[in-house]
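Q: Here is my input; please provide its structure:
(one chain, ligands or ions: 1)
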Amino acid sequence: MTHAAPHATERSVVDITDLVKIFGTRRALDGMSVSIAPGEIVALLGPNGAGKSTLIGCLLGFLLPNSGSARIFGYEAGELPPEARARMGYVPQAMNAFPSFRVGQLIDYLGTFYAVPPPPPDPALLAWANLDMAARVKSLSGGQKQRLSIVLAFRHQPDFLVLDEPVASLDPQARRDFMALLADYCAGSQRSVLISSHILSDLEKVATRALFVARGRVVHDTPMARFRESIRWIVPTAGASALPADLLDGRLPLKPLGTDTATGAILVDGWCDAMRGHLADRADIRTPDLEAAFLEITR
Ligand SMILES: Nc1ncnc2c1ncn2[C@@H]1O[C@H](COP(=O)(O)OP(=O)(O)OP(=O)(O)O)[C@@H](O)[C@H]1O
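A: Numbering: from 1, shown residues only. Reported below is the predicted structural model:
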């Protein structure tokens, strides 16, 4: 795919500050703050009801926050001018619009919405989607609709993509191929992506950063590489009554992320092998399964 140059002066693509969104008595976003820089592929991770779709809705201007601000390319999210909108792409959780259009017709029709009509979709993207251009949208399966909304979101080569569980209905091969396509789309560019998912392992290879949310707040924010390398369980060895105190008293740069009450183990961020001397024979280090760490962090 071709890689359009981003605007060289941009420091951040997204700036969210103290965002609050309340539905009735429910604080779906409870003071969320986060920025996304050009070139970042941010995995938005959290359990059901954590606030991921609400955050995306506020970012795209579908939802009006109660307080705080969400800015994209420096503009308030609900007030994006057309030229800024044209730099964004969005894949919703489910696509239910334009049921009577034929696939090819819809791709052409939506192209006319842009002030500068985009070129035809990338052949590699169309080959991946493997859609019948003559089929009506309403006749597509859930996974085929998801492929179509991915084609529509990528076709104008946006600088910022917002993907709300884009692979949820895709089969394993299509998921893998989509992740490779996304990595290729962003490689060597300053394009940014916010991609929500429940499945960390899908995003592990492509995301540069993991943003964990729970109860409407950011609970952990880490570069993906660091997440793999420095998150560990510290497990008391059999017979040790407790973990060594110096692991937890703040002298070591360890951030506790969770505890396993059954074993007394703690999940920490910031581990490095040079700290092994502090363990003596009182604790073992275990590398967590990424999904298990995700559950612990967002509990
Ligand atoms: N339109 C709405 N009206 C009332 N409550 C809502 C509305 N939209 C979201 N909520 C509530 O806000 C909270 C956050 O929901 P949201 O859809 O943002 O979570 P999510 O992280 O996207 O969840 P999921 O992983 O299930 O898609 C939930 O408690 C949800 O019930």
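Q: what secondary structure does the residue of the chain positioned farthest from its centre sit in?
A: For the chain, the largest distance from the centre (CA atoms, centre = their mean) belongs to residue 239, which lies 41.5 Å off. Under the three-state scheme (DSSP: H, G, I helix; E, B strand; the rest coil), residue 239 adopts coil.
Q: how far away is it from the ligand?
A: Here residue 239 is placed at a distance of 42 Å from the ligand (CB to the nearest ligand atom, to the nearest Å). The C-beta positions use only the backbone N, C-alpha and C, and glycine is treated the same way.
Q: residues in this structure within reach of the ligand, list them.
A: 23, 26, 28, 46, 48-54 (CB under 6 Å from any ligand atom).
Q: and those residues, which are buried?
A: Buried members of the residues of the chain next to the ligand, counted by 16 or more other CB atoms under 10 Å: 28, 46, 50-54.
Q: could you dump those to CSV with pLDDT and secondary structure?
A: Output for these, formatted as CSV (pLDDT from 0 to 100; DSSP: H, G, I helix; E, B strand; the rest coil):
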residue, pLDDT, secondary structure
28, 98, strand
46, 92, coil
50, 95, coil
51, 96, coil
52, 95, helix
53, 93, helix
54, 96, helix
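Q: List the buried residues of the worst-scoring helix or strand of the chain on mean pLDDT.
A: Sorting the helices and strands of the chain by mean pLDDT, DSSP states H and E puts helix 200-203 at the bottom, at a mean of 82. Neighbour-count burial for helix 200-203 flags 200, 202-203 (criterion: 16+ other CB under 10 Å).
Q: correct me, but residue 103 touches residue 131?
A: Yes. Using CB atoms under 8 Å, residue 103 makes contact with residue 131 at a distance of 5.1 Å.
Q: And the residue in the stretch 101-250 of the chain positioned nearest to the ligand, how close does it get to residue 44?
A: Closest contact between the stretch 101-250 of the chain and the ligand, by CB to the nearest ligand atom, is at residue 198 (6.3 Å). Distance of residue 198 to residue 44, given as CB to CB, to the nearest Å: 10 Å.
Q: Compare neighbour counts for those two and give me the winner.
A: Taking neighbours as other CB atoms under 10 Å, residue 198 and residue 44 compare with residue 44 leading, 28 against 15.
Q: contacting residues for the residue nearest to residue 285 when sequence neighbours are not counted?
A: Using CB to CB, 6 or more residues apart in numbering and skipping the chain neighbours, the partner closest in space to residue 285 is residue 232 (5.1 Å). Residues counted as contacts of residue 232 (CB atoms under 8 Å, 6 or more residues apart in numbering) are 267-268, 271, 285-288.
Q: What about the closest residue to residue 214 other than its chain neighbours, how many residues nearby?
A: Spatially, and ignoring its direct neighbours in sequence, residue 214 is nearest to residue 298 (4.3 Å; CB to CB, 6+ apart). Number of residues near residue 298 (other CB under 10 Å) recorded here: 18.
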